[in-house]
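Student: fold the stuff below for me.
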Amino acid sequence: MRINGKIVLVTGAARGLGREIALLLDKEGCRLILVDRDDVNVEAFQNAQAYIYDLSDLSQRKNLIKSMDEKINILVNCAGIGSHSQLSQISVDEIERVMQVNTLAPLELIAGLSPLELIVNIGSVAGEMNLPSMSLYAASKTSVHAFTRAIQLEGARTLLVILGPLRGTDFTQSIAHPRTGQPQWYRDLDLSAEKAARLIVRAIKNGRREIVAPWWYRGVFILARIL
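Tutor: Numbers count the residues shown, from 1 in each chain. Okay, here's the model as predicted:
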């Protein structure tokens, strides 16, 4: 896919994976619309506008959609929040917050901004396998996976990114169980946000429909289902 000159909206663009994706798309010559609940520093970008919207708030999501006065070519749904709670610890407020940001926001943006040339949804390995204490987070991502695959069958051009933990990011810390006692080689398997962004942008350009990063999680999915 030729992306030079495309208008791309990236959510969760203030830091982490969202910012790394945006930086690479900027180098590819895209016009960027960067959205985050925090201020986005646009000094490093050649052609970017930044907007502050809290995607956990329905009214702000609606205002974001209404404020887009030009056609968006590519939507990158990267904003997300983590949850690492057992059933006895999950509150109604946490359910509301996680589902609003991780599930409802991307679905509403897709519906409100369509037709789109490409929809990029950042999923999670948690949406493909059962993990203890991650039931809520997994539910939020499984919904995105199912929605993405279904609209592919309707003819929508999509890229589903099934992503493992990202090394050293605030987001990964918010969903990961403390890894005390685990060897360094295990922690080193995590991707950096920069490498994950490179894989995602390459997949966009190559017209991929789905990627798993890191790739070896495909084997983990199979093993988890067998067990």
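
Student: could you use CA atoms for every contact and neighbour count after this?
Tutor: Noted.

Student: helix, strand or coil for V101?
Tutor: Look at V101: counting by DSSP: H, G, I helix; E, B strand; the rest coil, its state is helix.

Student: my guess is it meets N77, correct?
Tutor: No. In this structure, V101 is not within contact of N77 by Cα atoms under 8 Å, at 10.0 Å.

Student: can you list contacts of stretch 89-108?
Tutor: Here stretch 89-108 makes contact (Cα atoms under 8 Å, 6 or more residues apart in numbering) with 55-58, 61, 77, 79-83, 121, 136-137, 140-141, 143-144, 147.

Student: in ChimeraX, select just the buried ones from these.
Tutor: Burial among these is assessed by 16 or more other Cα atoms under 10 Å; the matching ChimeraX selection reads:
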select :55,56,61,77,79,80,81,82,83,121,136,137,140,141,143,144
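
Student: strands - which of the contacts of stretch 89-108 land there?
Tutor: Counting by DSSP state E, the contacts of stretch 89-108 place N77, N121 in strands.

Student: so which of the contacts of stretch 89-108 are in helices?
Tutor: L58, R61, L136, Y137, S140, K141, S143, V144, F147 (DSSP state H).

Student: who touches the first one in this structure?
Tutor: Remark: with contacts taken as Cα under 8 Å, 6+ apart, L58 is in contact with Q100.

Student: redo that, cut-off 10 Å
Tutor: Residues near L58 by Cα atoms under 10 Å, 6 or more residues apart in numbering: L64, Q100, V101, L104, A105, E108.

Student: quick check: the farthest pair among those residues?
Tutor: The distance between the two most remote of these (Cα to Cα) is 14.7 Å, for L64 and Q100.

Student: give me the more crowded residue out of those two.
Tutor: Between L64 and Q100, counted using other Cα atoms under 10 Å, Q100 has the larger neighbour count: 22 against 19.

Student: I'd like the distance between that one and V144.
Tutor: From Q100 over to V144 the distance is 12 Å, taken as Cα to Cα, to the nearest Å.

Student: and K66, by the same measure?
Tutor: Separation of K66 from V144 (Cα to Cα) stands at 23 Å.

Student: from the contacts of L58, which is closest to A193?
Tutor: The closest of these to A193 turns out to be V101 (Cα to Cα; 19.9 Å).

Student: picking that back up, Serialize the ones in helices among the contacts of stretch 89-108 to JSON lines and add fields for distance to N73 and pLDDT.
Tutor: Formatted as JSON lines, those follow (distance: Cα to Cα, whole Å; pLDDT from 0 to 100):
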{"residue": "L58", "distance to N73": "23", "pLDDT": "96"}
{"residue": "R61", "distance to N73": "18", "pLDDT": "97"}
{"residue": "L136", "distance to N73": "31", "pLDDT": "93"}
{"residue": "Y137", "distance to N73": "29", "pLDDT": "94"}
{"residue": "S140", "distance to N73": "25", "pLDDT": "96"}
{"residue": "K141", "distance to N73": "24", "pLDDT": "96"}
{"residue": "S143", "distance to N73": "23", "pLDDT": "97"}
{"residue": "V144", "distance to N73": "20", "pLDDT": "97"}
{"residue": "F147", "distance to N73": "19", "pLDDT": "98"}
